[in-house]
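Student: model the following, please.
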Amino acid sequence: MIRCLSTVSKDGSGTIDEPQTVLTDIVTICRSFNMNNYLLAAGLMSFITFIGHLTYGRKHYLKPLLEAELTPNAKVMMHCVFHYVSVFIALSTVVLISSASTVVSSTHSFGMIAFIALNFGLFAIWQIYIGVSSELANPFKSIFQWLVFVLIAGLSICGILV
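Tutor: So this is what the prediction gives:
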């Protein structure tokens, strides 16, 4: 049952519920939706990554790559690879959010989420390895996506273990 934040008695004086009571009500509401909060957080982070990939990534990575002096074949292939990643992130977002909201049963989503977590985890490991072995002055700042990938992978793993 949800209580109002403030109540008014018959004499007109009002009281405000304690913050702990309000917080308890919010937690109760979230639990009534029966959502897996880890998978929801991973899905929302994946969605933000998708938006960042299409906006920041297109501007700072794809456009300069397409304007560089490369063979037309290399440009087309890198453009395709960019959008392969776009599709993977978009589908991962859909699977994580639908699994969080129990649209897909946990039995059916276990393998998909494990696959998504493994991919994002390997993306992070590979990006860290390439960054550290490159000539970048500050690889962890220059290529920061590894942190988001680690968070999505970790939240996904936590979501299937809950």
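Student: would you map out the domains in this protein?
Tutor: The record assigns the chain these domain ranges, following automatic domain parsing: 1-32, 36-161.
Student: give me the local confidence score for the residue nearest the centre of the chain.
Tutor: In the chain, the residue lying closest to the centroid (CA atoms, centre = their mean) is Met45, at 2.0 Å. Note for Met45: predicted pLDDT of 96.
Student: helix or strand for it, which one?
Tutor: For Met45, the host element (DSSP states H and E) is helix 37-52.
Student: got the CA coordinates for that helix in PDB?
Tutor: Output in PDB follows, covering the C-alpha atoms of helix 37-52 (Å, rounded to 0.1, in the frame of the first residue of the first chain):
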ATOM      1  CA  ASN A  37      17.600  -4.300 -10.900                       C
ATOM      2  CA  TYR A  38      21.100  -5.500 -11.900                       C
ATOM      3  CA  LEU A  39      19.800  -6.300 -15.400                       C
ATOM      4  CA  LEU A  40      17.800  -3.100 -15.600                       C
ATOM      5  CA  ALA A  41      21.000  -1.100 -14.700                       C
ATOM      6  CA  ALA A  42      23.000  -3.100 -17.300                       C
ATOM      7  CA  GLY A  43      20.300  -2.500 -19.900                       C
ATOM      8  CA  LEU A  44      20.100   1.300 -19.200                       C
ATOM      9  CA  MET A  45      23.900   1.500 -19.300                       C
ATOM     10  CA  SER A  46      23.900  -0.400 -22.600                       C
ATOM     11  CA  PHE A  47      21.300   2.000 -23.900                       C
ATOM     12  CA  ILE A  48      23.400   5.000 -22.900                       C
ATOM     13  CA  THR A  49      26.400   3.300 -24.600                       C
ATOM     14  CA  PHE A  50      24.300   2.800 -27.700                       C
ATOM     15  CA  ILE A  51      23.400   6.500 -27.800                       C
ATOM     16  CA  GLY A  52      27.000   7.500 -27.200                       C
END
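Student: tell me which residues of that helix are tucked away?
Tutor: Neighbour counts over helix 37-52 (16 or more other CB atoms under 10 Å) mark Tyr38, Leu39, Leu40, Ala41, Ala42, Gly43, Leu44, Met45, Ser46, Phe47, Thr49, Phe50 as buried. Where C-beta positions appear, they are placed from N, C-alpha and C, glycine not excepted.
Student: tabulate these (JSON lines), appending distance to Ile143.
Tutor: As requested, the buried residues of helix 37-52 are exported to JSON lines (distance: CB to CB, whole Å):
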{"residue": "Tyr38", "distance to Ile143": "26"}
{"residue": "Leu39", "distance to Ile143": "26"}
{"residue": "Leu40", "distance to Ile143": "27"}
{"residue": "Ala41", "distance to Ile143": "23"}
{"residue": "Ala42", "distance to Ile143": "21"}
{"residue": "Gly43", "distance to Ile143": "23"}
{"residue": "Leu44", "distance to Ile143": "22"}
{"residue": "Met45", "distance to Ile143": "18"}
{"residue": "Ser46", "distance to Ile143": "18"}
{"residue": "Phe47", "distance to Ile143": "21"}
{"residue": "Thr49", "distance to Ile143": "14"}
{"residue": "Phe50", "distance to Ile143": "18"}
